[in-house]
Structure formats: C-alpha cells, structure tokens
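S.K.: when you get a sec, could you give me coordinates for this:
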Amino acid sequence: MDPVLLRQVCRTYHLDSVGVPALRDIDLTIRANCFTVISGPSGSGKTTLLNLIGGIDRPDAGVGANSGEVIVAGQPLQALSDDALADFRARHLGFVFQNFNLLPVLTAAENIEYPLRLTGASPARRRERVRELLAAVGLADPVDLGGRRPGQLSGGQRQRVAIARALACAPALVLADEPTANLDSATGAAIIALMRRMQREQQVSFVFSSHDPQVLAAADDRVYLRDGRITALERSADTTANSSGEGGGGMGGPSAGPLPSRPAIPSGDRPLYSADEGLQ
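M.R.: Sure, this is the predicted structure:
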C-alpha cells in the first residue's frame, strides 16, 4: 500500500479579505519504502505540502468532486477530528525538523523515549527501543551521548537524536523539513546517509522538503513545485518500492520518468558517525 495519496488538494491562506493560494490541484502518490524529496524555490509550497501530509494543516474544504483528499497509511485525514488526528500523528508519523526541536531539559535518551510515553509503551519496551535506536544512530556507549542534554551535543548529534525520536514508534512515514539546512556539508552528508540507511533497515518511507543538492542526489523520487503546483515528478527505476504508485496519482501534466544517475552515497556497512563527532 502506498503510504500517501493526495487527490485534488488545494490550500489557500487568507490575509484579511485576500486569499493567497499556497497549493493548487495537487495529485500525488508517495511510494512505499522510498526516499522522496519535495523541492522548489522559496514560497513554492514545499512546507505547506509537508504539513498537509503530516496532518499539521488541513486542505481547503470542497464540495463533491472538488473536495480534496489526503490519505496517509490508508487513513483519510479529513475524516479525523483534531484529537483523533493528533493521536494518529503520534502513532503513525515521525517528524524531523530543521531546528531539531528537542526538549532541552531532557537527555538524548529521554527525548527519544518521549513519543513512546505518549503512546503508552511499557517501561521495558521504552528502554529496549531507546537502546536500539541510540545504537542505530551512533550515539550509544562507550561515550554515553544518550545521557547528555541537547545543549551538550553538536548539531549533527542533535539531528541524530531527532532521527531516532522520529523512528521511536516505528512509524509508516517520516517527514523531514529541510533536515540538513543548519548543518555543514560534511555533517549533512553523514546525516543523509544515516537517514537513507535507517529508511532501508526500518522499512519506512521518508519524505523531505529540501533544495539541498545532497538530499536531491540521494532521492528515489523527486517532486518539483513552483507557485503551488507540481511541475515535474521524477521516479527512480531501481527502487524496491511498490510499483503501484508509478503513475504518480494521475499527474496530468508534469513529466514523470526515471531519475538520472546520481552520485553514490555511503554504504550502510561503512561507519557513518565520525563526520560530526568533533563539531560543537
């Protein structure tokens, strides 16, 4: 099953009596187990689209055939109340933010544990999952980075914690808004490689908003936006993702085809954790 399906989605913001369209007639399928990047210039609608997929925002209400639809992990989001939507996000979605958004009074391990507390996981399960994820993102012993608070970690280490937190509840989908924007190029490359490896190992779909060339180079699928519309869709031909989404949800105009060859990214078997350890 494709984790995300959008049909005829529009989003308009209102400044007093003036309507400002942010997204227009979006038809898009996000394929399972893929690394998808939404790209475009500032103001193109990248973050708005990500917020709609994540249930943080809602599309414009329509009537009949003009009613836009956002379906995530098989669930039509428009059918959920605000409380039900918040519960759905907690259980099925993970988020990685540009500014990390870690709780400063909690340690790295406690930040990772927090979503598990919200979903009622047992103490034993929380300890086990936190230990697994700290090891997976390279923050386990002997350095005991998991016991440090965010203010005691480098930018790359904070983003590793944020990635682990996003994966804590084994979500169907992880959304990342400009995850490398506040990192230097070497640390950004290591973070991209880490997310790519975690995507494969955890069998989860990642969706990014980004115009970072390193992120675009690592993508399976690329969605290009301009002025709130999809202008192009490129899909990799060598992904192991489900092929049911190849049509792009009926793009109706934007080009779709295999991605050009892209630079190799570090293998999951190579160490990924040294690039940012010395950064403060």
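
S.K.: mind checking the SS state of the residue sitting nearest the centre point of the chain?
M.R.: By Cα atoms, centre = their mean, the chain has its centre lying nearest to residue 175, at 1.8 Å. The three-state label given to residue 175 by DSSP: H, G, I helix; E, B strand; the rest coil is strand.

S.K.: need phi/psi at the residue lying closest to it once chain neighbours are set aside.
M.R.: Excluding the flanking residues, the one nearest residue 175 by Cβ to Cβ, 6 or more residues apart in numbering is residue 54, at 4.8 Å. C-beta here means a position set from N, CA and C on the backbone, and glycine is covered the same way. With angles defined as degrees, to the nearest 10, residue 54 sits at phi -80, psi 0.

S.K.: and residue 54, how many neighbours does it have?
M.R.: 22 (other Cβ atoms under 10 Å).

S.K.: contact partners for residue 38?
M.R.: Neighbouring residues of residue 38 by Cβ atoms under 8 Å, 6 or more residues apart in numbering: 46, 49-50, 207-210, 223, 225.

S.K.: what about those, which are in strands?
M.R.: Within the contacts of residue 38, residues falling in strands by DSSP state E are 207-209, 223, 225.

S.K.: from those residues, pick the one nearest residue 232.
M.R.: residue 223 (7.8 Å; Cβ to Cβ).

S.K.: quick one: the closest one and residue 44 touch, right?
M.R.: No - in this structure, residue 223 is not within contact of residue 44 by Cβ atoms under 8 Å, at 10.6 Å.

S.K.: hang on, the earlier thing: test my guess that the residue nearest to residue 175 contacts residue 89.
M.R.: Yes - under the criterion of Cβ under 8 Å, residue 54 makes contact with residue 89 at 6.7 Å.

S.K.: just give the closest residue to residue 149, not the sequence neighbours.
M.R.: Here the residue nearest residue 149, using Cβ to Cβ, 6+ apart, is residue 107, at 5.6 Å.

S.K.: so how many other residues sit close to that neighbour?
M.R.: So residue 107, with other Cβ under 10 Å, has 20 neighbours.

S.K.: is it true that it touches residue 151?
M.R.: No - the criterion here is Cβ under 8 Å, and residue 107 misses it with residue 151 at 10.8 Å.

S.K.: can you pull the contacts of the closest residue to residue 204 other than its chain neighbours?
M.R.: Distances taken as Cβ to Cβ, 6+ apart put residue 174 closest to residue 204, at 5.7 Å, once the chain neighbours are dropped. By Cβ under 8 Å, 6+ apart, the contact list for residue 174 reads 93-96, 166-167, 195, 199, 204-207.

S.K.: again with residue 131
M.R.: Residue 131 neighbours (Cβ under 8 Å, 6+ apart): residue 140.

S.K.: if I look at the residue lying closest to residue 75 once chain neighbours are set aside, how far off is residue 191?
M.R.: Of all residues not flanking residue 75 in the chain, residue 88 sits nearest, at 6.3 Å (Cβ to Cβ, 6+ apart). Applying Cβ to Cβ, to the nearest Å, the value for residue 88 to residue 191 is 27 Å.

S.K.: more neighbours: which of those two?
M.R.: A count of neighbours by other Cβ under 10 Å puts residue 191 above the other of residue 88 and residue 191, at 27 against 16.

S.K.: distance of that one relative to residue 112?
M.R.: Taking Cβ to Cβ, one finds residue 191 at 16 Å from residue 112.

S.K.: hmm, residue 73 and residue 53 touching each other?
M.R.: No - between residue 53 and residue 73 there is no contact under Cβ under 8 Å: 10.7 Å.

S.K.: anything in contact with each of the two?
M.R.: In contact with both residue 53 and residue 73: residue 173, using Cβ under 8 Å, 6+ apart.

S.K.: so the two - more neighbours on which side?
M.R.: The neighbour comparison of residue 53 against residue 73 (other Cβ under 10 Å) goes to residue 53, with 26 against 17.

S.K.: quick one, grab the pLDDT at that one.
M.R.: Predicted confidence (pLDDT) for residue 53: 97.

S.K.: quick check: phi and psi at the closest residue to it other than its chain neighbours.
M.R.: Nearest non-adjacent residue to residue 53, counting by Cβ to Cβ, 6+ apart: residue 4, 5.6 Å away. Backbone dihedrals for residue 4, given as degrees, to the nearest 10, come out at phi -140, psi 130.
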